[in-house]
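sequence first, then the predicted structure, then my questions.
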Amino acid sequence: MTEPSTPHSENTRTSIAARIGWVVLICATLYVCYFSHLGAIGFVGPDEPRYAWIARDMMETGDWVTPRLYGKPWFEKPPLFYWGAAICFKWFGVSETSARLPSAISAFLATLALAWLARRWYGAETARWLLLLLPTTVGMIGFSHAAATDMPFSAMLTIAMVWAAVILGLIRDENTPILPRTPWLALLLFGLFLGLAVLAKGPAAIILCGGAVFFWALFTKRWRDAFRLLHPVAIASFCATALPWYILCARRNPDFFRVFIIEHNFKRYLTPEFQHIQPFWFYGPVLLVAFLPWTALFVWSTVVGAVQFWRTQRASESTWLLVCWAGFCLLFFSISQSKLPGYILPALPPIMLVAANALAGKAKTYLKSFRAAASVMALFFFLMLMLSAIGRSRYDLPGRPGGLGWLIPLFLGAANALLALLYPANRASLMTRPSAGLCVLPTLVAVLLANHLLPAFFKYDPSGRSLARQLQTRNISRADLAIGSMQRGQHYSLNFYLHEEIKDWNQENSWKQYLLTTRVGSCRSLIPAPLACEPLPFNEDSTGAFLYRVVMRGSANGTAGGGQPQQKE
């Protein structure tokens, strides 16, 4: 009597083991991709150090309304990221990890919300693939590790769109009552997260959400459902979340409306004033890079979906919402006169959900084409690895750090190769064996090796962290230092680490005793007679900068241009 139950017991144990395997793999993926090595590199670019400075200023001054950069109001972005980073500074100390933690948490929450939607729409298999593939894309890893407003904005908008799907009636199943009930909680949360998105980056959140729902209603003819998003509960929740800061900031700063709304929203979008000019097709290549290593899956799912729609002339209402969500975002920012890669980050989640659903369903029908696409991408990266190895052996590249950056094509190729080899031909084997999910392991290894991979991309530390440490080691007074030639991002980063705005060398600062520059020989062109430049020992290999003492010509320990006495070395 016990023999017939033995296979059932084995299947039960296998199913439990598979579920545990999936859970462990998903948890490891979310942690490694979103929370590991947040401080692997110092603040880079012009935005990270400035946003971190504003957040630290809020923490130190207690003024949570007016963002201030170097003591002056700064209205480029709303305060949601600043608030999050300031709280993290207060709880965990001032560091790169604390500043980037709000972006990592935002990415984590958005991924979970979208996975919930995927499970309700398409089932557990699609949700599992989404939880593995979305966090391992270059776009999500990169922006979750950035102290910037892009990820909080994208995440809050993503969560708002998830609740919008509930309000639109797209979550109905056999257990849903025939007579629809008012989704009070969904209305409240939709308004809350849309308001947070407006606090993250501005009114673009309303435009992106409204545009996506408008075109969804246009294609599905469900205008009455679309107007549910304008329910008084949703509007009240939105206004209670977003408006208080805007009103307070405008009352305290009379020029807030002009600077933030007119200059940093309308002019940024309608004019090339901010010098971020790119062609209309700019976001096509950006998407291909952002979806690495799953670019082949992205292209394959897009082609298969387009072919299937062409044949049937039908698509589900949930698919239409995802397509309108991603498509309107791409169209809106492609028309903009100012383009930056982070602008289309809100399009990544819906596109990956479409790709994950295609992988869970259509890949078994079109298994040969799917494996062929992944294999071609794997061969492409392996070819890049071979060419890189040949180049390294034949050509000497002076000044380039060794590092392990040349291994990146290996990780990208291995991820695609594993996806093609391990993806099962039937649904049952995928449910009982989580081995197919091991395709994310190369990406996880690459992220864990970030400290060794990142140096290969830079000749020297692109942030101001090494510069600040060198200056502090040499006891160079911040009041006696001026900047000659230096990139904006590195200059702003140096300001953050020194906790002071270091001015550029000019006539007003000609009395400064020390000059820091990243251009060899630029000191001589900046310093007028009778002053001269005396080079000081500085670690140029790690900082890429040169330090000079400004002295009277012909004197090793003279006085600076303004007559200030020189410090003895």
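Ah, there it is.

contact partners for the spatially closest residue to G544 that is not a sequence neighbour?
Nearest non-adjacent residue to G544, counting by C-beta to C-beta, 6 or more residues apart in numbering: Y460, 3.5 Å away. Every C-beta, even on glycine, is put in place using the N, C-alpha and C of the backbone. The contact partners of Y460, by C-beta atoms under 8 Å, 6 or more residues apart in numbering, come to S466, E540, D541, S542, T543, G544.

what ranges in the stretch 1-150 of the chain fall below the confidence cut-off?
1-14 (pLDDT under 70).

which stretches of it form helices?
5-35, 47-61, 80-92, 96-122, 124-133, 138-144, 150-167 (DSSP state H, counting those that start in this stretch).

could you dump those into TSV and include distance to E501?
Shown next, in TSV, are the helices of the stretch 1-150 of the chain (distance: least, C-beta to C-beta, whole Å):
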stretch	distance to E501
helix 5-35	32
helix 47-61	9
helix 80-92	18
helix 96-122	18
helix 124-133	43
helix 138-144	27
helix 150-167	25
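
tell me which of these sits nearest to V520.
Closest to V520 of the helices of the stretch 1-150 of the chain is helix 47-61 (C-beta to C-beta; 24.5 Å).

of all the helices of the stretch 1-150 of the chain, which one is nearest M486?
Per C-beta to C-beta, nearest to M486 of the helices of the stretch 1-150 of the chain: helix 47-61, 12.6 Å.

what is the closest one packed up against?
The helices and strands touching helix 47-61, judged by 3 or more C-beta pairs under 8 Å, 6 or more residues apart in numbering; DSSP states H and E, are strand 68-69, helix 80-92, helix 96-122, helix 488-498.

looking at the helices of the stretch 1-150 of the chain, spot the one closest to R524.
Smallest distance to R524 across the helices of the stretch 1-150 of the chain (C-beta to C-beta): 28.8 Å, for helix 47-61.

the closest one: how far from the chain's middle?
19 Å (C-alpha atoms, centre = their mean, to the nearest Å).

so for that helix, what gets flagged as buried?
47-59 (16 or more other C-beta atoms under 10 Å).

now do stretch 204-216
Under 16+ other C-beta under 10 Å, the buried positions of stretch 204-216 are A204, A205, I206, L208, C209, G211, A212, V213, F215, W216.

cool, and stretch 347-366?
For stretch 347-366, using 16+ other C-beta under 10 Å, the buried residues are 347-360, 362-363, 366.

what do you get for stretch 536-553?
Across stretch 536-553, burial judged by 16+ other C-beta under 10 Å covers 538-539, 542-552.

can you pick out the most distant pair from the residues you listed?
With distance counted by C-beta to C-beta, no two of the buried residues of stretch 536-553 lie farther apart than S542 and M552, which are 31.0 Å apart.

give me the nearest residue to the residue most central in space within the chain, chain neighbours excluded.
Residue closest to the average C-alpha location in the chain (C-alpha atoms, centre = their mean): F143, at 1.3 Å. Among residues not flanking F143 along the chain, M151 sits closest, at 4.5 Å (C-beta to C-beta, 6+ apart).

OK, contacts around that neighbour?
Contacts were defined as C-beta under 8 Å, 6+ apart; by that measure M151 touches S103, A104, S106, A107, F143, S144, L345.

on that earlier part again, could the buried residues of stretch 536-553 go into a markdown table alongside distance to A28 and secondary structure?
As requested, those are arranged in a markdown table below (distance: C-beta to C-beta, whole Å; DSSP: H, G, I helix; E, B strand; the rest coil):
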| residue | distance to A28 | secondary structure |
| --- | --- | --- |
| F538 | 42 | coil |
| N539 | 37 | coil |
| S542 | 33 | helix |
| T543 | 36 | helix |
| G544 | 36 | coil |
| A545 | 39 | coil |
| F546 | 44 | strand |
| L547 | 44 | strand |
| Y548 | 49 | strand |
| R549 | 52 | strand |
| V550 | 54 | strand |
| V551 | 57 | strand |
| M552 | 62 | strand |
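
one step back: report pLDDT for the residue nearest to G544.
Per-residue pLDDT puts Y460 at 82.

for it, give its distance to L330.
Distance from Y460 to L330, counting by C-beta to C-beta, to the nearest Å: 36 Å.
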